[in-house]
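Engineer: can you look at this prediction? I've put the sequence above it.
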Amino acid sequence: MPRYSEERKAAVLKKLLPPDNRSVASVAAEEGISDATLYGWLKTCRRQGVPVPGNRKTGDDWSADAKLAVVIETASLSETELGTYCREKGLYP
């Protein structure tokens with residue numbers, strides 16, 4: 001199994017996380033990295049409190065930094081855009 005540098009891993013994760021939120025399948029095909037590896041990286045992000053799209057219904061276990069990042073990212077969205085954003089992330093009131 002190949003080892004990836006932290007820089008490459010960070011660059012690939014950037015494509016998967018907000019604001020890009022690309023699919024695992026498309027990034028895996030583009031980067032030549034297996035889906036399983038990317039899902040493992042996303043799982044690690046979740047454990048660290050990073051807001052990962054579609055991972056759970058609430059953000060209760062996110063870190064304070066992750067919550068602040070989402071608030072900043074959504075601050076300029078209209079009510080409709082915010083609703084769309086929340087549905088895409090799997091967040092529901």
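Structural biologist: Cool, got the structure.
Engineer: where's residue 81, which helix or strand?
Structural biologist: helix 79-89 (DSSP states H and E).
Engineer: what's the mean pLDDT across that helix?
Structural biologist: Mean pLDDT, computed over helix 79-89, is 84.
Engineer: the closest residue to residue 25 other than its chain neighbours: neighbour count?
Structural biologist: Distances taken as Cβ to Cβ, 6 or more residues apart in numbering put residue 35 closest to residue 25, at 6.6 Å, once the chain neighbours are dropped. Any C-beta I mention is one placed from the backbone N, CA and C, and that applies to glycine too. Residue 35 has 13 neighbours, counted by other Cβ atoms under 10 Å.
Engineer: with residue 28 instead?
Structural biologist: With other Cβ under 10 Å as criterion, residue 28 counts 19.
Engineer: and what of residue 42?
Structural biologist: Residue 42 has 19 neighbouring residues, counting by other Cβ under 10 Å.
Engineer: pretty sure it is touching residue 22, no?
Structural biologist: No. Contact between residue 42 and residue 22 fails when scored by Cβ atoms under 8 Å: they sit 11.8 Å apart.
Engineer: now do the helices in the protein.
Structural biologist: Applying DSSP state H to the chain gives helices spanning 6-16, 24-31, 35-47, 64-74, 79-89.
Engineer: so which bits of the least confident helix or strand in the chain by mean pLDDT are buried?
Structural biologist: Ranking every helix and strand in the chain by mean pLDDT, DSSP states H and E puts helix 64-74 at the bottom, with a mean of 80. For helix 64-74, burial by neighbour count (16 or more other Cβ atoms under 10 Å) applies to 66, 69-70.
Engineer: export those residues to JSON lines and append columns for distance to residue 80.
Structural biologist: As requested, these are exported to JSON lines (distance: Cβ to Cβ, whole Å):
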{"residue": "66", "distance to residue 80": "24"}
{"residue": "69", "distance to residue 80": "22"}
{"residue": "70", "distance to residue 80": "17"}
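Engineer: and which of those residues is nearest residue 7?
Structural biologist: Taking Cβ to Cβ as the measure, residue 7 lies nearest residue 69 of the buried residues of helix 64-74, at 20.7 Å.
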